[in-house]
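Participant: quick one: sequence plus predicted model below, questions after.
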Amino acid sequence: MNRIVTASTLIAAAAFATTASADIIDARFVSKGKGRDVRITYGSTTKNVFAGQLNFRLSNGSGAASALNGDWVTFCTDLAQGTNSTNKSFEVVPLAQVPNGGPMGGMKAAAIVDLYNYANGQQLGSTANQDFAAAFQIAVWEIVRDYDFTQGASSLSLASGDFKATGKNGATLSSAIAGHVGSLFAAVGHSSGSASLLGLRNGSSQDQVLPVPAPGPAVLAAAAGLMALPRRRRAA
């Protein structure tokens, strides 16, 4: 992770869990990070896309969002829109409130928290494994589009449902990426940790998952609004 955040930053970020209206921050896409090109299908749309780290620069944050100014590695929650290097105004919201126009809700947000807990930062750094970073993004997309908490991890599949993924141009997905995806899916409902996540929301650009490191579990939970997220009972 290339972002250093102080305790005061995270205490400020915790305000997002309780504020009635979202704070605003400017976000500019800087570059792609680690990842791979893949082919995805969702609904009636099929296209080649980059799956992996997205490097964003946040600035001019208002209210609690001022604590988030700086460079961040994010992952996308929004397949229908794109991103570019233009500075745009985003709302900073609890993860359950993205993507814009069709919020994922608490259960899917909790499943994505499980992914972050399982990965434990290995998807974020500049030395991250390319295949793992790609698998992580694919797993996020699958959860947003297809996860059903009543079925748990068994509802996650890249071969069925609304979202599907293969290698670029329809080639077989590499065994390395597929293996990582399987491990990430298996972590849903079974991970442990205290990952804290926020959402960046904009009506005309890709919405993003923003991971916020923190000094302790209480601040982590508050920062992501997790105290308000319904959680499913974990299997023994």
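Facilitator: On my side now, so go ahead.
Participant: dump stretch 192-211 to PDB, restricted to CA.
Facilitator: The C-alpha coordinates for stretch 192-211 follow below in PDB (Å, rounded to 0.1, in the frame of the first residue of the first chain):
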ATOM      1  CA  SER A 192     -11.500 -12.600   9.800                       C
ATOM      2  CA  GLY A 193     -10.000  -9.200  10.200                       C
ATOM      3  CA  SER A 194     -11.000  -5.600  10.300                       C
ATOM      4  CA  ALA A 195     -10.700  -4.100   6.700                       C
ATOM      5  CA  SER A 196     -12.300  -0.700   6.500                       C
ATOM      6  CA  LEU A 197     -13.800   0.300   3.100                       C
ATOM      7  CA  LEU A 198     -15.500   3.400   1.700                       C
ATOM      8  CA  GLY A 199     -17.100   4.000  -1.600                       C
ATOM      9  CA  LEU A 200     -16.300   6.800  -4.100                       C
ATOM     10  CA  ARG A 201     -19.500   7.600  -6.000                       C
ATOM     11  CA  ASN A 202     -20.100   9.600  -9.200                       C
ATOM     12  CA  GLY A 203     -23.000   9.600 -11.600                       C
ATOM     13  CA  SER A 204     -20.900   9.600 -14.800                       C
ATOM     14  CA  SER A 205     -17.700   7.800 -13.800                       C
ATOM     15  CA  GLN A 206     -16.800   4.400 -12.400                       C
ATOM     16  CA  ASP A 207     -17.500   4.100  -8.700                       C
ATOM     17  CA  GLN A 208     -14.600   2.800  -6.600                       C
ATOM     18  CA  VAL A 209     -13.800   0.900  -3.400                       C
ATOM     19  CA  LEU A 210     -11.500   2.900  -1.200                       C
ATOM     20  CA  PRO A 211      -9.600   0.900   1.400                       C
END
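Participant: pull out the buried residues from it.
Facilitator: Of the residues in stretch 192-211, those with enough neighbours to count as buried (16 or more other C-beta atoms under 10 Å) are 194-202, 205-211. Backbone N, C-alpha and C define where each C-beta goes, glycine included.
Participant: ok, longest strand in this protein?
Facilitator: strand 23-42 (DSSP state E).
Participant: circling back to that earlier point, I'd like to know which of the buried residues of stretch 192-211 is nearest to K168.
Facilitator: In terms of C-beta to C-beta, no member of the buried residues of stretch 192-211 lies closer to K168 than Q206, at 19.7 Å.
Participant: what helix or strand is that closest one on?
Facilitator: In this assignment (DSSP states H and E), Q206 forms part of neither any helix nor any strand.
Participant: next one: phi and psi at it?
Facilitator: For Q206, the backbone dihedrals are phi -50, psi 130 (criterion: degrees, to the nearest 10).
Participant: now do it against A186, distance only.
Facilitator: From Q206 across to A186, the span is 27 Å (C-beta to C-beta, to the nearest Å).
Participant: helices along this protein, start to end?
Facilitator: Under the criterion DSSP state H, the chain carries helices at the ranges 7-13, 105-119, 130-146, 175-187, 217-224.
Participant: in the third one, what counts as buried?
Facilitator: When you say that, I think you mean helix 130-146. For helix 130-146, a neighbour-count test (16+ other C-beta under 10 Å) marks 131-146 as buried.
Participant: so where's this protein shaky on pLDDT?
Facilitator: 1-21, 214-236 (pLDDT under 70).
Participant: just the ones of the buried residues of stretch 192-211 in strands?
Facilitator: Among the buried residues of stretch 192-211, the members falling in strands (DSSP E) are L197, L198, G199, L200, R201, Q208, V209, L210, P211.
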